[in-house]
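K.L.:
Pasting a predicted model and its sequence here:
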Amino acid sequence: MYIHFIAIGGAAMHNLAIALHLKGNIVTGSDDEIFEPSESRLSKYDLLPKEFGWFPEKLSDKTDAVILGMHAREDNPELQRAKELNLSIYSYPEYLFEQSKNKIRVVIGGSHGKTTITAMVLHVLQQLGHAPDYMVGSKLDGFEVMVRLSEESKIMVLEGDEYLSSPIDHRPKFHLYKPNIALLSGIAWDHMNVFPTFENYIEQFKTFIDLIEENGILVYSANDKNVMELADGRRDTITAFPYRGCDSLIKKGQTFIVFEAKRYPLQVFGEHNLQNINGARWVCQALGVRPIEFFNAITSFSGTSNRLELIAKNEKTIIYKDFAHSPSKLKATTSAVKEQFEETKLLACMELHTFSSLNKAFLSQYAGAMDNADIPIVYYNPKTLEHKKLPPISIAEIKLAFTNDQLEVFTDTIQLQEFLFKQNWQNMNLLLMSSGNFGGMDYNAIANEILGTEMNSDH
């Protein structure tokens, strides 16, 4: 097939383009800007556009499918040309569904933990010799690409994002997948630019459950009141499996799962990960994996990119980065590091970067989110507010929202770095949490400065 991508440079888009190319299709694409790692990855497979911009002449009546990315606008000239030619236009979740119609679809949904649980399921299946098709939102160790499509696989594992599908399809992505096996990890208000009220946001997850196929399975968190209520309201033909965290213990900074009197050492830690593991276990069990097989396989799971990812460490200090930015993720990640190293102080630094986090109407959701840090820091860039066309926020408003008298607030990257360098890093860990990069901060340079020549890292 001849398939054209409008806005091929997106994280999901370029991975789907590569997957379809590897499947033997003729793939072309356009974009007005492409950043790393998309640029290098597209170039590796000879899919990088020769020049940036939109070129309607790339489309013809020989084009079998057009896949439209969120980065494109409704007035995109290539989109207009596709409509004129009456071509088949898909969002990428729509196209993934087309590719998985005859497979068992496993969809992992929820406001937090989606990528990690999806990665855990894929890791275990791979360890046990299976090769499912999949789409996941982060680069995983042991997986060449973030999307895999094949003719032979009978299973498709999908990370179910609740954000919009495309500029012309405003359905949440996970409404398009119609799972046979669904997981719902938790609901914490996010994307308020799209879902202006919490009630409207919850409604999207109710629809997700309603779209589970007949005689399907719902795995859900029993620690989340909103999820419990939605699960209780499911159709009678859906079988449900609630989950909480695994039984565990921490010994000398090492977390072990305890199951049937046996200990399984983990490479990840934190209560949120213990819950993620148990959710992944029930999904795998629904696919025929025995619990002991699952726990043996999960011991080699090392996490996902940007989720409690180790930057560097020495004997006195460990430095992590994490994608956490919403209140629930912030609290869970901060708590995880503090509980894992309870004898060590924690300096936790987060960036307000997303539309929701920088919105005054949402700020109060952060009350208490940094309370587990010994030194809590919030950074935000006033220029980001201007870029997102949001009204200014004062430092006083942020301190009030977080309800933490110890909170330090910075709006300047250099001043933040100087503050970090002045700290006594003997027996103190650093946690950097952002969906951005603190205004261009070089994490490895920060680690070098803090740890000096004693630095050990996998990077």
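P.N.:
Okay, I see it.

K.L.:
How about the residue in the chain sticking out farthest from the centre, nearest residue that isn't a chain neighbour?
P.N.:
Distance to the chain centre peaks in the chain at residue 61, reaching 36.8 Å (criterion: Cα atoms, centre = their mean). Leaving aside its sequence neighbours, residue 61 sits nearest to residue 85 (Cβ to Cβ, 6 or more residues apart in numbering; 5.7 Å). (Glycine included, C-beta is placed from N, CA and C.)

K.L.:
Helices of the stretch 301-450 of the chain, start to end?
P.N.:
327-340, 360-363, 382-387, 395-402, 413-422, 443-451 (DSSP state H, counting those that start in this stretch).

K.L.:
domains for this structure, by residue range?
P.N.:
For the chain, automatic domain parsing gives the domain ranges 2-87, 95-298, 309-454.

K.L.:
Let me have these in JSON lines, extended by mean pLDDT.
P.N.:
Listed next are those as JSON lines, based on pLDDT from 0 to 100:
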{"stretch": "domain 2-87", "mean pLDDT": "95"}
{"stretch": "domain 95-298", "mean pLDDT": "94"}
{"stretch": "domain 309-454", "mean pLDDT": "92"}
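
K.L.:
remind me, longest strand of this protein?
P.N.:
When the chain is parsed with DSSP state E, its longest strand is strand 345-352.

K.L.:
Provide the strand pairings for that one, with the direction of each partner.
P.N.:
strand 375-380 (parallel), strand 428-433 (parallel) (DSSP bridges).

K.L.:
could those strands be laid out in JSON lines, adding mean neighbour count and distance to residue 31?
P.N.:
Shown next, in JSON lines, are those (neighbours: other Cβ atoms under 10 Å; distance: least, Cβ to Cβ, whole Å):
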{"stretch": "strand 375-380", "mean neighbour count": "23", "distance to residue 31": "29"}
{"stretch": "strand 428-433", "mean neighbour count": "24", "distance to residue 31": "29"}
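
K.L.:
out of these, nearest to residue 14?
P.N.:
Residue 14 sits nearest to strand 428-433 of all those, at 25.7 Å, using Cβ to Cβ.

K.L.:
how about the closest one as CSV, C-alpha atoms only?
P.N.:
Taking C-alpha atoms only, strand 428-433 is exported to CSV below (Å, rounded to 0.1, in the frame of the first residue of the first chain):
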residue,chain,number,x,y,z
MET,A,428,20.9,13.8,49.7
ASN,A,429,19.2,12.6,46.4
LEU,A,430,17.9,14.8,43.5
LEU,A,431,14.7,14.2,41.7
LEU,A,432,14.0,16.3,38.5
MET,A,433,10.4,16.1,37.3
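
K.L.:
That one relative to helix 413-422, how many degrees between them?
P.N.:
Going by axes from the mean of the first three to the mean of the last three Cα atoms, to 10 degrees, strand 428-433 is angled at 160 degrees with respect to helix 413-422.

K.L.:
check which helix or strand covers the residue farthest from the centre of the chain.
P.N.:
Counting by DSSP states H and E, no helix or strand carries residue 61.

K.L.:
thinking the residue nearest to residue 61 is in contact with residue 58, fair?
P.N.:
No - using Cβ atoms under 8 Å, residue 85 is not in contact with residue 58; the gap is 11.5 Å.

K.L.:
related to what we said a few turns ago, now for the strands paired with strand 345-352, which one comes closest to residue 283?
P.N.:
Using Cβ to Cβ, the nearest of those to residue 283 is strand 428-433, at 26.9 Å.

K.L.:
tilt between the closest one and helix 327-340?
P.N.:
160 degrees.
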